[in-house]
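**Student:** how would this look folded up:
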Amino acid sequence: MTDTPDPGSIRVAKTEDASSLAALSIEVWIGTYLRRGVSSFFADYALGQFTREHFLDLLNRPAETLLVSENQEGIDGYVRISHGNPCPAGSSSETEISTLYVQPRHQGKGLGQSLLAAGVEACRTNGWDAPWLATNSENKGAIAFYLSQGFEKAALTHFEVQGRRYLNDVLLCTDFRNRITGQVSGNG
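**Tutor:** As a prediction, this is how the structure comes out:
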């Protein structure tokens, strides 16, 4: 048994991954955004949003691509790319990196970088635009990571949950044509 991700184990998500994707999402989202306790407001949001059914639905949409990183024990990270989401920064891109989550115990080992590279390559392979993404403006670690990976700040937007708004930075992939490609196995 190991906690170290097996490099090169990025693949296209399958329907049998839906429960794992939901559990991983809850773990990362709560650990990242709920720093001062878990209110029922955010608990209800997370438990309603990150469900097996939600991921089964995403996996059946042609405008969605989900890639997972898998170690010997199971899925330890994923990237979700959504096509058809206009960029709020005025860019012509309609391709969003909707989610990039890595389990906290696997962060700092290059897994996020590999998933991001594979996600950008999936955009190219699908003939989609250079991707954009939005991340919470208080998440300085994530912003620094994306800036180090060839993204640039372009604008501000808001993430909204039941009428509550949270400031997000919009970042654009500026070196889309020059990025090193990620390794993805499986095409279905």
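**Student:** Same question for the closest residue to Tyr146 other than its chain neighbours, what's its three-state structure.
**Tutor:** Take Tyr146 and drop its neighbours on the chain: the residue closest to it by CB to CB, 6 or more residues apart in numbering is Leu171, 5.1 Å away. C-beta coordinates here come from the backbone N, C-alpha and C atoms, glycine included. For Leu171, the assignment made with DSSP: H, G, I helix; E, B strand; the rest coil gives strand.
**Student:** how much space between Leu171 and Leu133?
**Tutor:** Distance of Leu171 to Leu133, computed by CB to CB, to the nearest Å: 5 Å.
**Student:** Can you name the element that comes right after the worst-scoring helix or strand of the chain on mean pLDDT?
**Tutor:** Sorting the helices and strands of the chain by mean pLDDT, DSSP states H and E puts helix 40-49 at the bottom, at a mean of 84. For helix 40-49, the following helix or strand on the C-terminal side (DSSP states H and E) is helix 52-59.
**Student:** For that next one, give me every contacting residue.
**Tutor:** 13-15, 17-19, 21-22, 64, 66, 80 (CB atoms under 8 Å, 6 or more residues apart in numbering).
**Student:** Any chance you could list residues touching both of Leu171 and Leu133?
**Tutor:** 146, 151.
**Student:** can you list the residues that contact stretch 12-29?
**Tutor:** 46-47, 49-56, 59, 65-68, 74-78, 99, 101-104, 184-188.
**Student:** Buried by neighbour count, from those: which ones?
**Tutor:** Neighbour-count burial (16 or more other CB atoms under 10 Å) is assigned, among the contacts of stretch 12-29, to 46, 50-51, 55, 59, 65-68, 75-78, 99, 101-103, 184.
**Student:** So which of those residues belong to helices?
**Tutor:** Per DSSP state H, helices hold the following members of the buried ones among the contacts of stretch 12-29: 46, 55, 59.
**Student:** Distance-wise, check the last one relative to Glu16.
**Tutor:** Just to be clear, that refers to Leu59. Taken as CB to CB, the span from Leu59 to Glu16 is 10 Å.
**Student:** Need the nearest residue in space to Ala9, chain neighbours excluded.
**Tutor:** Ala isn't right for residue 9; it's Ser. Ser9 sits nearest to Glu70 (CB to CB, 6+ apart), 4.9 Å away.
**Student:** The one you found: neighbour count?
**Tutor:** By the criterion of other CB atoms under 10 Å, Glu70 has 19 neighbours.
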